[in-house]
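Undergrad: curious how this folds, go ahead:
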Amino acid sequence: MSRHALFALALGATLATTSFGVAAQAKYPSRPLRVIVPYTPGGITDVATRMVTQELTKSLRQNVIVDNRPGANSIVGVETVAKATPDGYTVASVIAAHAANQTLYAKLPYDSIKSFAPVSLLVTAPLIVCVTNSLPVKSAKELVELARAKPGQLTFASSGVGAAAHLTTELLMLTTGIKMVHVPYKGTAPALLDLTGGQVSVMMDTPGSMLPHSRAGKIRALAMASEKRVAVAPELPTLVESGLPVVGGTWVGILAPAGTPREIVNFLSAQMQAAVRKQDLRERFLQLGIDPAGTSADEFAKFLKQEVDKWGKVIRAANVKVEG
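TA: Down below sits the predicted model:
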């Protein structure tokens, strides 16, 4: 076969593939999409996801259904997506715990990175360090000094083993050499209830959960575990400003099953980026203490790998274990 014939054949194949991709994208989506949220309604994952899916329903002209499937630190819901048909109609909304699970659990029914096609990082959320009112500290530095003077006597609450709040507190202890006792709860609400009641000493969580209680005088806010001060609480210094080089937070991102066509991943990513960048949605996020992100698929893939590596090091260094 001549070079001209080979070239024509190759060109024809390329055009056919391109035409197929364009045609597939033109037809997508032709039916409702489902977003699996592996947590109960009301938390940051659920709230942020629903805010974005409301916009997607408009832009895609298809219903985007949020399906809450909680269980096993998000594993139950995420496994559903890992095993779903990779056609862009079933995706997962995950948070920092998804990255931690790769190291936290000896056996997962999927790989936190390889089993998925990252679509977009929707939002990030810093953590705020709070203490019960009876604790005699007014700053993060004073908290560390008290914990150092009373090793193992202070307790810290979290929404669960492997949650961003848990691991960021572990990072604080590793960085400063202090020791506090972890008291894990099944969610933020019961942990916060015990913090306000004085049953636990310290707790980190998102501003949306903690600030209303600190501003009502029920708990005391000390600092943000963020790189810079946040607009929703500019009066609070960061841990870094307090001489404690600790940064940690949670986030919400969308994953599709591995093998989802790249043109569909990019199309979904573009739609989500456009939704997050809408001014009214951005303002609503910021009012909740959530930072809009809206990244490309490649940017989210890089971010997810960094999160898996970061929290994996903390889990191993702190010897964090899950019960059972």
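
Undergrad: let me see the domain layout of the protein.
TA: 32-124+249-318, 128-224 (automatic domain parsing).

Undergrad: residue ranges in the stretch 101-250 of the chain under the pLDDT threshold?
TA: Scanning the stretch 101-250 of the chain for pLDDT under 70 picks out no residues.

Undergrad: break down it into its strands, ranges please.
TA: Remark: strands assigned in the stretch 101-250 of the chain by DSSP state E, counting those that start in this stretch are 116-126, 128-132, 155-158, 181-184, 202-205, 219-224, 249-257.

Undergrad: what are the contacting residues of the second one?
TA: Around strand 128-132, the neighbours that count as contacts under C-beta atoms under 8 Å, 6 or more residues apart in numbering are 137, 140, 143, 195-198, 200-207, 210-211, 213-214, 219-225, 233, 236, 239. Every C-beta, even on glycine, is put in place using the N, C-alpha and C of the backbone.

Undergrad: before we move on, back to that, okay if I get the domains of the chain as CSV plus mean neighbour count and distance to G243?
TA: CSV is the format used below for the domains of the chain (neighbours: other C-beta atoms under 10 Å; distance: least, C-beta to C-beta, whole Å):
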stretch, mean neighbour count, distance to G243
domain 32-124+249-318, 19, 19
domain 128-224, 19, 6
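
Undergrad: does T124 touch G289 like I think?
TA: No - using C-beta atoms under 8 Å, T124 is not in contact with G289, being 10.6 Å away.

Undergrad: okay, helices next: where are they in the chain?
TA: Per DSSP state H, the chain carries helices over the ranges 3-27, 44-60, 75-82, 96-104, 140-149, 164-176, 188-196, 207-215, 262-276, 279-287, 297-318.

Undergrad: indicate which one of the strands of the stretch 101-250 of the chain is closest to N319.
TA: Set against N319 and scored by C-beta to C-beta, the strands of the stretch 101-250 of the chain come closest in strand 181-184, at 11.6 Å.

Undergrad: please determine how far P190 is located from A125.
TA: The spacing between P190 and A125, counted by C-beta to C-beta, to the nearest Å, is 20 Å.

Undergrad: swap in N101?
TA: 18 Å.

Undergrad: check I219 too.
TA: 18 Å.

Undergrad: returning to what we had before: and the helices of the chain as CSV, adding distance to K114?
TA: Formatted as CSV, those follow (distance: least, C-beta to C-beta, whole Å):
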stretch, distance to K114
helix 3-27, 23
helix 44-60, 22
helix 75-82, 10
helix 96-104, 10
helix 140-149, 38
helix 164-176, 22
helix 188-196, 30
helix 207-215, 32
helix 262-276, 15
helix 279-287, 30
helix 297-318, 11
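
Undergrad: just to revisit the earlier point, of all the strands of the stretch 101-250 of the chain, which one is nearest P86?
TA: The closest of the strands of the stretch 101-250 of the chain to P86 is strand 249-257. By C-beta to C-beta, the value is 4.1 Å.

Undergrad: can I get stretch 133-146 in PDB? Just the C-alpha atoms.
TA: Taking C-alpha atoms only, stretch 133-146 is exported to PDB below (Å, rounded to 0.1, in the frame of the first residue of the first chain):
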ATOM      1  CA  ASN A 133     -15.800  27.600  77.100                       C
ATOM      2  CA  SER A 134     -14.400  26.100  80.400                       C
ATOM      3  CA  LEU A 135     -11.000  25.600  78.900                       C
ATOM      4  CA  PRO A 136      -8.700  28.500  80.100                       C
ATOM      5  CA  VAL A 137      -7.200  29.400  76.700                       C
ATOM      6  CA  LYS A 138      -7.700  32.300  74.400                       C
ATOM      7  CA  SER A 139      -5.400  31.500  71.500                       C
ATOM      8  CA  ALA A 140      -4.100  28.500  69.600                       C
ATOM      9  CA  LYS A 141      -0.700  29.100  71.200                       C
ATOM     10  CA  GLU A 142      -2.200  28.900  74.600                       C
ATOM     11  CA  LEU A 143      -4.000  25.700  73.700                       C
ATOM     12  CA  VAL A 144      -0.700  24.100  72.700                       C
ATOM     13  CA  GLU A 145       1.000  25.200  75.900                       C
ATOM     14  CA  LEU A 146      -1.900  23.800  78.000                       C
END
